[in-house]
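Undergrad: next one to model:
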Amino acid sequence: GTEAKFRLPRGIYSDGTNLYVGDVNHTIRKIVISTGVVTTFAGSGSAGSTDATGTSARFNSPRGITTDGTNLYIGDSNNHVIRKIVISTGAVTTLAGYAGSYGSTDGTGTSARFKYPSGITIVGTNLYVSDQSNNTIRKIVIATGEVTTFAGSGSSGSTDATGTSATFYNPRGITTDGTNLYVTGLSSHKIRKIVISTGVVTTL
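TA: Numbers count the residues shown, from 1 in each chain. Below you'll find the model as predicted:
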């Protein structure tokens, strides 16, 4: 409860029993909802990009967080990568992107590049990521780590259009109802809606 301490907690996700929080202490925290007990689930508190288990792993300002019930997926923002944590073991691996190297390249696994990925959500077998400083929404096929640009041209703006013809301005938070994505435009001061099946972007 109130005896626990955090530092700039940002991303949060609930599996119904626990909350998982992206803490700028370079950790992923776990909160048992029924008791308020807080533990450090992964990360040591020191910045880094080490793939390891539990508190032996390293993150750098993790933000967005989501789960498929078996794994957590993390927007490890200042590492410019997407991380995966096996919930049952705490094993941390890098799913996509290359730590310390930013860009906007579409590719598979470590060949892909992000720039301060922030929000993350899951729809079926795919992840959708708010790639904040690239002004885009990226799609990741979980099984393969294949990354493509789903929406946004890369230029800052708030144009409603389809797919990469649309523009975003520092997209950050992202969630879904299974049919649509909903995205917060940090610098455009707007809430955007994306139809997953078509990529059509509108301002909600």
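
Undergrad: and Tyr128, what does it touch?
TA: Tyr128 makes contacts with Ile120, Thr121, Ile122, Ile137, Arg138, Lys139, Ile140, Phe150, Ile174, Thr176, Leu181, as judged by Cβ atoms under 8 Å, 6 or more residues apart in numbering. Bear in mind the C-beta positions are built from the backbone N, C-alpha and C, glycine included.

Undergrad: and the lowest-mean-pLDDT helix or strand in the chain, what does it pack onto?
TA: Within the chain, confidence by mean pLDDT, DSSP states H and E is lowest for strand 9-14 among all helices and strands, at a mean of 94. On a contact count with 3 or more Cβ pairs under 8 Å, 6 or more residues apart in numbering; DSSP states H and E, strand 9-14 meets strand 18-23, strand 62-67, strand 71-76.

Undergrad: what lines up beside the first one in the sheet?
TA: If I follow you right, that is strand 18-23. strand 9-14 (antiparallel), strand 27-32 (antiparallel) (DSSP bridges).

Undergrad: could you give the angle of it to strand 71-76?
TA: Put simply, strand 18-23 runs at 20 degrees to strand 71-76, going by axes from the mean of the first three to the mean of the last three Cα atoms, to 10 degrees.

Undergrad: just want the angle from strand 18-23 to strand 62-67.
TA: 160 degrees.

Undergrad: which of the residues in strand 18-23 are buried?
TA: Asn18, Leu19, Tyr20, Val21, Gly22, Asp23 (16 or more other Cβ atoms under 10 Å).

Undergrad: quick check: the gap between the third one and Val38.
TA: Spelled out, that is Tyr20. According to Cβ to Cβ, to the nearest Å, Tyr20 and Val38 sit 11 Å apart.

Undergrad: hey, what's in contact with both of the two?
TA: Common contact partners of Tyr20 and Val38 (Cβ under 8 Å, 6+ apart): Arg29, Lys30, Ile31.
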